[in-house]
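S.K.: Take this sequence and fold it.
(chains A, B and C)
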Amino acid sequence: MADGVRISFTDVAKRYDLRVVFRSVSGEAVPGEVLVITGPNGSGKSTLLTILCGLLRPTRGAVSHVLDGNETAREEWRRHLGVVAPAMAVYEELDAMENLRFFASVRGMDRAGGRCRECLDLVGLDPDRRTPVRGYSTGMAQRLKIAQALLHDPAVLFFDEPGSNLDPAGKNWLKEAVRGLTQAGKTVVLATNDRDEMEWGHRRVALAG
Amino acid sequence: MSRLLAEAMAVAAKDLRTEFRTRVALNALGLFALTVLAAVSYTVGPYRITAEDRPFLLAVLLWIVIFFAALAGLDRSFVKEEESHTAPLLRLAASPTAVWLGKLGFNLILIYLLMAILVPLFCILMGYKIMLVGGFVLILVVGGYALAVITTIVAAIIARAMTRGALFSVLSLPLLLPLLIFLIQGTAGASVGTSETVVNTLRAVLSMGGIMTIVSAMLFPVVWSD
Amino acid sequence: MRVADILKLLLLVWLAIVIVAAFLYVRPAEGFIGESSRIVFFHVPMAWIAVLAFLVSCVTSVMYLKRREPKDDIRASVSAGLGLLFAVLATTTGSVFARIMWNAYWNWDPRQTSITILLLIYAAYLALRGAIDDPERRASLSAVYAILAFVTVPFLVFVVPRIYWSLHPDTIINTRGANEFDSRYTQVLMASLVGFTGLYVWLYTIGCRIETIRQRRRQEVL
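M.R.: Predicted coordinates for the structure are as follows:
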């Protein structure tokens, strides 16, 4: 499919001054499939995810994003990816609509009001779009993050423990959403410890911890 | 280019909106400035400095208050993003230059707002007579800009470090000292009426601001994205 | 004996000669109180090295941002550490001199102000490095700060002294006053400058070597 992004990483390591997070991790995420990253707590799943989406530099190793056969520069990765992670928050002082409108305008999307409402509707937050995020339950906040990730219709989606704040209905919805994304040719990278979520993966990278 | 400006304005507007709803930086800046002003006015007052020393000493006091108020509040726009964990999503959504321009704009607004309230109050309370008012205003505008440019890039740097509070002042001061010296001189000159000093100051501060703008624009993506 | 050992020995001999010459070869200069002019042979080179170290830090910082090689970051941080040392030395010797000549340890004349700001820059740079635990981020952020600091320095060094009257004997830096001192004075001063530069290069090389080994050992853990 024309818009696919293939992500490959080889011999990636990350170390801070006082500790080593992981030593050598390799793998690949391809369009239409889910790459699952698993590992015990503290093994560096979130760190690896952060490196793969370009927000952190690895101590060693290479990560590449290939779009339509062309390798993309790190500064450009952000255009084709969306991320949902516990460590990445949306703006509490704004409401859902303001949050999405902000992300849309800062991504250069014109006249995005309709698209924002569409995404809110998709995650079931449309009725609450004018309430400040500060007043949201954790499940609602999580759904807003998902809406934010889908806003610009990216080719790659990164999920870090996405079901952690969702009720069973929400988790089912998420499962269907991920299936829909892979069927649409998107590349999905999912970091999780949840047994059910692990089943959604076509490929797996296990971190030792 | 207009796209970049539109994105920058979106960042600035978002910062203004959140700031307006929480008022943290405004409080920090305003409270600091007013408290120090009250203290200075009470202890020093309009009568204790001889007429000969007034132009210089009052210029010193004025700019010290402005600079320290700035150091109290201008790191907010970056530090808050890191502390609230909203920075990663912003990194993914916006281009670094748009973020820089937007936050610089936000800091400029804060600084000019501070000056608009503080400077007239200072002049009234301390009895500061300015002969070249036009020159004085220009110095404020240009000086405020240079102050904002420098503190914006430093704020971006320290937001990514660990012990943020003290670090902002420690890193900013060496870079701000030359600016401070020029501004004090120019203000003293404006007070007395020597237009040559004012012009020299404006030239120096403009070139400083200009160079720091260019260097910041080039280095900010490294600071933001690394 | 390797070339490095020969050079080290040469440096030792050179500096020893300089120190002896500073006290025995040269008469105290006119216009200075007592023997105080001799401090110039040490104070000026120290200030010079403080500035040189800063220059090296900045250049290697730019190179790090371009090439992202750890050795450039090592060079920048080692040079900064040495720069701080020499800046402190220059400030102290200058302060002692000021006390003797003008009865005050500190006066905020332009050169004293400039060296203070350089000290503050070094302290800030090292404080920044101490506050980041991600090695790559530490390297790039401190490189950025070094460049920012470097850009503000010309304003200090060139513009501020013009504005303020200076206590500093201008003749030392401006060669136009060269004929006010006898040629022995200039000889020893130049020799001292060369010697101190050699000292800096030696300390810098050792420092870089140590830091490289330290980093290599950390990589092995990885």
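
S.K.: Show me what counts as buried in stretch A:6-16.
M.R.: Residues of stretch A:6-16 classed as buried: A:Arg6, A:Ile7, A:Ser8, A:Phe9, A:Val12, A:Ala13, A:Lys14, A:Arg15 (neighbour count, 16 or more other CB atoms under 10 Å in any protein chain shown). C-betas here are computed from N, CA, C, even on glycine.

S.K.: Could you do stretch A:86-103 as well?
M.R.: The neighbour-count check on stretch A:86-103 (16+ other CB under 10 Å) flags A:88-103 as buried.

S.K.: nearest to chain C, of those?
M.R.: Checking those against chain C by CB to the nearest CB gives A:Met88 as the nearest, at 17.5 Å.

S.K.: Quick one: neighbours of the closest residue to the closest one other than its chain neighbours, just the number.
M.R.: Using CB to CB, 6 or more residues apart in numbering or on different chains and skipping residues adjacent in sequence, the residue nearest A:Met88 is B:Pro88, 4.2 Å away. Number of residues near B:Pro88 (other CB atoms under 10 Å in any protein chain shown) recorded here: 19.

S.K.: how about low-confidence regions in the chain?
M.R.: No chain specified, so I'll use chain A. By pLDDT under 70, the low-scoring segments of chain A are A:1-3, A:209.

S.K.: what's the single longest helix in it?
M.R.: helix A:168-183 (DSSP state H).

S.K.: What is the subsequent helix or strand relative to that helix?
M.R.: The helix or strand immediately downstream of helix A:168-183 is strand A:187-191, counting by DSSP states H and E.

S.K.: Check which helices and strands that following strand is in contact with.
M.R.: On a contact count with 3 or more CB pairs under 8 Å, 6 or more residues apart in numbering or on different chains; DSSP states H and E, strand A:187-191 meets strand A:5-15, strand A:20-29, strand A:34-38, helix A:45-52, strand A:156-160, helix A:168-183.

S.K.: winner for burial among those?
M.R.: Highest mean neighbour count of those: strand A:156-160, a mean of 25 (counted as mean count of other CB atoms under 10 Å in any protein chain shown).

S.K.: Direction included, what does that one pair against?
M.R.: In the sheet, strand A:156-160 lines up against strand A:81-84 (parallel), strand A:187-191 (parallel) (DSSP bridges).

S.K.: Could I get the CA-only coordinates of it as CSV?
M.R.: Output of strand A:156-160 as CSV, limited to C-alpha atoms (Å, rounded to 0.1, in the frame of the first residue of the first chain):
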residue,chain,number,x,y,z
VAL,A,156,2.0,4.7,12.4
LEU,A,157,0.4,4.4,15.8
PHE,A,158,2.3,3.8,19.0
PHE,A,159,0.4,2.6,22.0
ASP,A,160,1.9,2.3,25.5
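
S.K.: For B:Leu202, give me its contacts.
M.R.: Contacts here follow CB atoms under 8 Å, 6 or more residues apart in numbering or on different chains; on that basis B:Leu202 touches B:Gly135, B:Leu138, B:Ile139, B:Val142, B:Gly186.

S.K.: got a winner among the residues you listed for most neighbours?
M.R.: Taking other CB under 10 Å as the neighbour criterion, B:Gly186 ranks highest of the contacts of B:Leu202 with 30 neighbours.

S.K.: Flag every residue of chain A that's near chain C.
M.R.: Applying CB under 8 Å from any CB of the partner chain, we find that chain A lies next to chain C at A:Ala13, A:Arg15, A:Tyr16, A:Asp17, A:Leu18, A:Val20, A:Arg23, A:Arg57, A:Thr59, A:Arg60.

S.K.: which one of these sits closest to B:Val99?
M.R.: Nearest to B:Val99, judged by CB to CB, of the residues of chain A next to chain C is A:Arg57 at 18.6 Å.

S.K.: residues touching that closest one, list them.
M.R.: Listed by CB under 8 Å, 6+ apart, the contact set of A:Arg57 reads A:Ile51, B:Asp226, C:Glu136, C:Arg137.

S.K.: any idea which of those residues is closest to A:Ala29?
M.R.: Scanning those for proximity to A:Ala29, where the rule is CB to CB, the winner is A:Ile51, at 12.8 Å.

S.K.: Up against chain B, what does chain A have?
M.R.: Within chain A, the positions near chain B by CB under 8 Å from any CB are A:50, A:53, A:55, A:57, A:74-75, A:78, A:81-83, A:85, A:87-94, A:98, A:102-103, A:105-108, A:148.

S.K.: Touching stretch A:10-27 from outside, list them.
M.R.: Under the criterion CB under 8 Å, 6+ apart, residues A:8-9, A:35, A:43-44, A:47-48, A:51, A:56, A:58-63, A:203, A:205, A:207-208, C:133-135, C:218, C:221-222 lie in contact with stretch A:10-27.

S.K.: actually stretch C:119-131, not the one I typed
M.R.: Applying CB under 8 Å, 6+ apart, the contact partners of stretch C:119-131 are B:157-158, B:161-163, B:167, B:170-171, B:173-174, B:177, C:54, C:57, C:77, C:80-81, C:83-84, C:87-88, C:91, C:138, C:141-142, C:145-146, C:149, C:153.

S.K.: Out of these, which end up buried?
M.R.: When those are checked for burial by 16+ other CB under 10 Å, the buried set is B:157-158, B:161, B:167, B:170-171, B:173-174, B:177, C:54, C:57, C:77, C:80-81, C:83-84, C:87-88, C:91, C:138, C:141-142, C:145-146, C:149, C:153.

S.K.: Cross those residues against strands and list the overlap.
M.R.: Per DSSP state E, strands hold no members of these.

S.K.: the bottom helix or strand of chain B by mean pLDDT?
M.R.: Least confident helix or strand of chain B, by mean pLDDT, DSSP states H and E, is helix B:24-43 with a mean of 87.

S.K.: how much space is there between C:Val26 and C:His43?
M.R.: From C:Val26 across to C:His43, the span is 15 Å (CB to CB, to the nearest Å).

S.K.: Just give me the neighbour total for C:Ser183.
M.R.: Counted with other CB under 10 Å, residues neighbouring C:Ser183 total 9.

S.K.: Spatially central, which residue of chain C would that be?
M.R.: The residue lying closest to the centre of chain C (CA atoms, centre = their mean) is C:Ala50, at 1.6 Å.
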